[in-house]
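In: coords please:
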Amino acid sequence: MSTGAGGKEPSIRRHARRENRQRGRLQTVNTEAIKEQQIRSREEREQKRARMDGRHEFLLSTIAERLGLTMDEAEDFMLDGDQLNAFDSFFAQGGRSALIFFYKETKPEEGTGGTKEKCLWVTDGTKDPYSGCCMFFVRPNSSKPITMLNIHQEVYFGMLDSNGEGLLGAIKGLLDLVFIPALERNEKWGDLSGIEAQQVKQQFLGKLSSFVGVLANAQASVADAVKLSRIENEKLLKLMTLSSSEILSSMNNQDIVVAAENIAMKWCHEIEQILTESEQMRKEADDVGPKAELDHWKKRLARFDSLTACVKSSECKTIVNILIGAKSKVLKVSKYKLH
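Out: Numbering: from 1, shown residues only. Down below sits the predicted model:
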């Protein structure tokens, strides 16, 4: 028996040594693979950097100055992915007519002691959400290529900065503070001249100013839109991603039913407040004209539209279905408000 035990222990040690050697070899292979990947990544970035010339520097220096970035930071952002292809198309004869950049800063979480994360990227504006800061270069004439000799005359720069007012506020500010004053000072209106030019100018500027007013009203309506309280219960949040059959099977869970009742009652209280406020009389000065009255009803319509969207949302329907399945007493209170 002692021989058997003595023979077993060396075998265990041999297996342990073999596993340690295999683990060491795997770690070596992984480390070498990571190093090779890093080397390839650096080589690719240097190849991309070699493609950049004075035209890239002209555009990026403008952006870096506006954002408070260094040129090295701006260049490093552009070396990610295939973003330089967008520059090539913008510079080419018959290429794209605009080059759009989004910029975003992410604040570190409280207590982490980290620094703000910055991100700058090229976009076509159709897939990425507006980040609050957009810069763009446009070339009105794409029939000839952009060179260092003509880039100063052929390329124009613009910027949309929401300053916390959203996309509508950014567009309104650009029109109100840049384009309208520039057009008002412009004396040349194509082939038009004299009285005819002045009439066309005044008519166009009037419509443009009205459009700015529409943007202002739309911005106010968005700011005044109804938003019911968000669902914070983790079990309820999980239900929002499940199928109808899975939701039905969870209705026997008393914790879920209670959480659904609580959020339903909270929503009902919020809706009741909104309806009460809408029925209150509005006090206006005697000199208020029809435009102010029209703006008031537009905002009120937008507010009720947003409330209707909340009630018809998938989250609200799921909560109502849970109450129906559980035959909750809360359903009698919430039925006329959440349906």
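In: how about the strand or helix carrying residue 272: buried residues?
Out: Per DSSP states H and E: residue 272 is located in helix 254-279. By neighbour count on 16 or more other C-beta atoms under 10 Å, the buried set for helix 254-279 is 256, 257, 259, 260, 261, 263, 264, 267, 268, 270, 271, 274. For the C-beta atoms, the positions are set from N, CA and C on the backbone; glycine is no exception.
In: wait, a helix at residue 134?
Out: No. Assigned with DSSP: H, G, I helix; E, B strand; the rest coil, residue 134 falls outside any helix and is strand.
In: that one contacts residue 102, doesn't it?
Out: Yes. Taking C-beta atoms under 8 Å as the definition, residue 134 is a contact partner of residue 102 at 5.7 Å.
In: and stretch 138-157, how far from the chain's centre?
Out: On the basis of C-alpha atoms, centre = their mean, to the nearest Å, stretch 138-157 sits 30 Å off its chain's mean C-alpha point.
In: span of it from start to end?
Out: Start-to-end span of stretch 138-157 (C-alpha to C-alpha, to the nearest Å) is 7 Å.
In: pLDDT averaged over the strand ranked longest in the chain - what is it?
Out: As assigned by DSSP state E, the longest strand anywhere in the chain is strand 98-106. Mean per-residue pLDDT for strand 98-106: 91.
In: next SSE after that strand?
Out: Moving toward the C-terminus from strand 98-106, the next helix or strand (DSSP H and E) is strand 117-123.
In: for that next one, name the packing helices and strands.
Out: Strand 117-123 is packed against helix 71-78, strand 98-106, with contacts defined by 3 or more C-beta pairs under 8 Å, 6 or more residues apart in numbering; DSSP states H and E.
In: checking my notes, residue 230 in a helix, right?
Out: No. Assessed with three-state DSSP, residue 230 is coil; it does not lie in a helix.
In: can you report phi and psi for it?
Out: The phi and psi values for residue 230, taken as degrees, to the nearest 10, are phi -80, psi 150.
In: swap in residue 328?
Out: Residue torsions, per degrees, to the nearest 10, at residue 328 are phi -70, psi 140.
In: helix/strand/coil for the residue nearest in space to the middle of the chain?
Out: Nearest to the mean C-alpha position of the chain, by C-alpha atoms, centre = their mean, lies residue 129 at 3.1 Å. Per three-state DSSP, the secondary structure class of residue 129 is coil.
In: now do the helices in the stretch 101-250 of the chain.
Out: Per DSSP state H, counting those that start in this stretch, the stretch 101-250 of the chain carries helices over the ranges 151-154, 166-174, 180-185, 194-223, 234-239, 244-249.
In: tell me which of those helices sits most buried.
Out: Ranked by mean neighbour count, those are led by helix 166-174 with a mean of 18 (mean count of other C-beta atoms under 10 Å).
In: for it, name the packing helices and strands.
Out: By 3+ C-beta pairs under 8 Å, 6+ apart, helix 166-174 packs against strand 156-161, helix 194-223.
In: quick one: mean pLDDT for that helix?
Out: Helix 166-174 shows a mean pLDDT of 86.
In: kindly export that helix (C-alpha atoms) in PDB.
Out: Provided in PDB are the C-alpha atoms of helix 166-174 (Å, rounded to 0.1, in the frame of the first residue of the first chain):
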ATOM      1  CA  GLY A 166     -30.500  70.400 -28.600                       C
ATOM      2  CA  LEU A 167     -30.400  70.200 -32.400                       C
ATOM      3  CA  LEU A 168     -33.300  72.600 -32.900                       C
ATOM      4  CA  GLY A 169     -31.600  75.300 -30.800                       C
ATOM      5  CA  ALA A 170     -28.300  74.800 -32.700                       C
ATOM      6  CA  ILE A 171     -29.900  75.300 -36.100                       C
ATOM      7  CA  LYS A 172     -31.900  78.200 -34.900                       C
ATOM      8  CA  GLY A 173     -28.800  79.900 -33.500                       C
ATOM      9  CA  LEU A 174     -26.900  79.300 -36.700                       C
END
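In: tell me what angle it forms with helix 194-223.
Out: Going by axes from the mean of the first three to the mean of the last three C-alpha atoms, to 10 degrees, helix 166-174 is angled at 150 degrees with respect to helix 194-223.
In: how far off centre is helix 166-174?
Out: Mean-position distance between helix 166-174 and its chain equals 15 Å (C-alpha atoms, centre = their mean).
In: contact partners of that helix?
Out: Contact partners of helix 166-174, identified using C-beta atoms under 8 Å, 6 or more residues apart in numbering, comprise 130, 134, 158-163, 165, 212, 215-216, 218-219, 222.
In: hey, least reliable of the helices and strands packed on helix 166-174 by pLDDT?
Out: Of all those, helix 194-223 has the smallest average pLDDT, which comes to a mean of 84.
In: tell me the helices and strands packed up against that one.
Out: Helices and strands touching helix 194-223, by 3+ C-beta pairs under 8 Å, 6+ apart, are helix 166-174, helix 180-185, helix 290-311.
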